[in-house]
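Participant: Sequence below, structure please.
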Amino acid sequence: MIATSKRTTESSKLRKTFSRNEEINIVEGFVGNTPLYPLRKIWQSSSVEIFAKLEWQQLGGSVKARPAFNIICQALRSGQLLGGKTLLDASSGNTGIAYASLGARLGVPVTLVLPENASADRIRIISSLGAEIVYSSPLESTEGARKLAAEIAASDPEKYFYADQYSNENNWLAHYRGTANEIWQQTHGEITHFVAGLGTTGTFTGTTKRLKELNPELQAVELQPETSLHGLEGWKHLETADVPQIYQNELADQRIELASEEVYSLLPSVARREGLLISPSAAANLLGAIKVAEQLDSGKIVTIFADDASRYAHLESFYQQEK
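Facilitator: As a prediction, this is how the structure comes out:
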């Protein structure tokens, strides 16, 4: 009877493992491979083109689906996230939503540390997806959330796998293996400039690193807010913030600083001219791309629209503004 019970348990574990691998293969088809959208109304030029990857068109609803999926998959494959361990990380919103979405589908428990003053919309979405939320001090921003997450992980290493997206190589590798190659194929290798903002820096680092391997002449432009006090959620002003460990400063050919007011003023124009309701982060990337385009006589610029406006209820007033 004991032997039979043991075999039954082992068989159950095998079925569970197979099911999870099967689920990973299914979910992989819904991460990445986002369309490249030509912006021909907000920017008009016959010799300089601007394109944006519509990153909300994947499971999890943002560009963060890519690193979140890669981090989870690599942790499962290495055994770091087996045995019912909980994935733990600090997140200002989009990565947390991606973790929660993917965790729900793949059967991975998720605990997220967010500053207490995080967006109510993000908190509602994360809670609806079944992830546990732990709040950190509203006065310490993302750095405080990371510190608390590290303390929680250290207090019970048998329970938690601390993903730490700011230092996890699988963050930028997701873009190195995915985003960059998609852009290269979608532009038929004709991209001349890649423009992206800095948050965890994973998107800029991974995409730029691979694109420069494919074309050493490619120009990479990183964007950041012009001051530490800004309205671009998830973005970093590197001079006044903890620089993510995955950031590689030698990759950028140019840095452009953006004013939040100018970013937000772009939102209604993009909606009415391009038919896109985009987030402030996407608008900031577009503004940066336009500033690069203004410097060029010819070129093909690609940027990232990290998410759309659906998670930002406060944007309604901006979209009601006149042209």
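Participant: next helix or strand past whatever helix or strand I290 lives in?
Facilitator: Counting by DSSP states H and E, the element that carries I290 is helix 280-293. Once the chain leaves helix 280-293, the next helix or strand it forms, by DSSP H and E, is strand 299-305.
Participant: got the contact list for the residue nearest the centre of the chain?
Facilitator: The chain has K64 as the residue nearest its centroid, 2.7 Å off, counting by CA atoms, centre = their mean. Contacts here follow CB atoms under 8 Å, 6 or more residues apart in numbering; on that basis K64 touches N94, T95, I97, A98, A306. Bear in mind the C-beta positions are built from the backbone N, C-alpha and C, glycine included.
Participant: ok but A75 is inside a helix, no?
Facilitator: Yes. With DSSP: H, G, I helix; E, B strand; the rest coil as the criterion, A75 is located in a helix.
Participant: Show the buried residues in the contacts of K64.
Facilitator: Among the contacts of K64, those buried by neighbour count (16 or more other CB atoms under 10 Å) are N94, T95, I97, A98, A306.
Participant: which one among the contacts of K64 gets closest to S167?
Facilitator: Set against S167, the nearest of the contacts of K64 by CB to CB is T95 (13.4 Å).
Participant: I figured the closest one hits L87, correct?
Facilitator: No. In this structure T95 lies outside contact range of L87 using CB atoms under 8 Å: 11.0 Å.
Participant: Show residues contacting stretch 115-130.
Facilitator: Residues from elsewhere that reach stretch 115-130 (CB under 8 Å, 6+ apart): 92-94, 96-97, 100-101, 103-104, 110, 112, 114, 133, 135-138, 140-142, 144-145, 233, 311-313.
Participant: just the CA coordinates of it, formatted as CSV?
Facilitator: These are the backbone C-alpha positions of stretch 115-130, laid out as CSV (Å, rounded to 0.1, in the frame of the first residue of the first chain):
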residue,chain,number,x,y,z
PRO,A,115,5.2,51.8,-2.5
GLU,A,116,2.0,52.7,-0.5
ASN,A,117,1.3,55.6,-2.9
ALA,A,118,1.4,53.4,-6.0
SER,A,119,-1.4,53.9,-8.6
ALA,A,120,-4.8,52.8,-7.4
ASP,A,121,-5.4,51.4,-10.9
ARG,A,122,-2.3,49.2,-10.7
ILE,A,123,-3.1,48.0,-7.2
ARG,A,124,-6.6,47.0,-8.3
ILE,A,125,-5.4,45.1,-11.3
ILE,A,126,-2.7,43.2,-9.4
SER,A,127,-5.1,42.3,-6.6
SER,A,128,-7.7,41.0,-9.1
LEU,A,129,-5.0,38.7,-10.6
GLY,A,130,-4.5,37.1,-7.2
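Participant: Quick check: buried residues in that stretch?
Facilitator: Quick answer for stretch 115-130 (16+ other CB under 10 Å): P115, A118, S119, R122, I123, I125, I126, L129.
Participant: cool, and stretch 202-212?
Facilitator: Result for stretch 202-212 [16+ other CB under 10 Å]: buried residues G202, T203, F204, T205, G206, T207, T208, K209, R210, L211, K212.
Participant: Are any of the contacts of stretch 115-130 buried, and if so which?
Facilitator: By 16+ other CB under 10 Å, the contacts of stretch 115-130 give 92-94, 96-97, 100-101, 103, 110, 112, 114, 133, 136, 141-142, 144-145, 233, 311-312 as buried.
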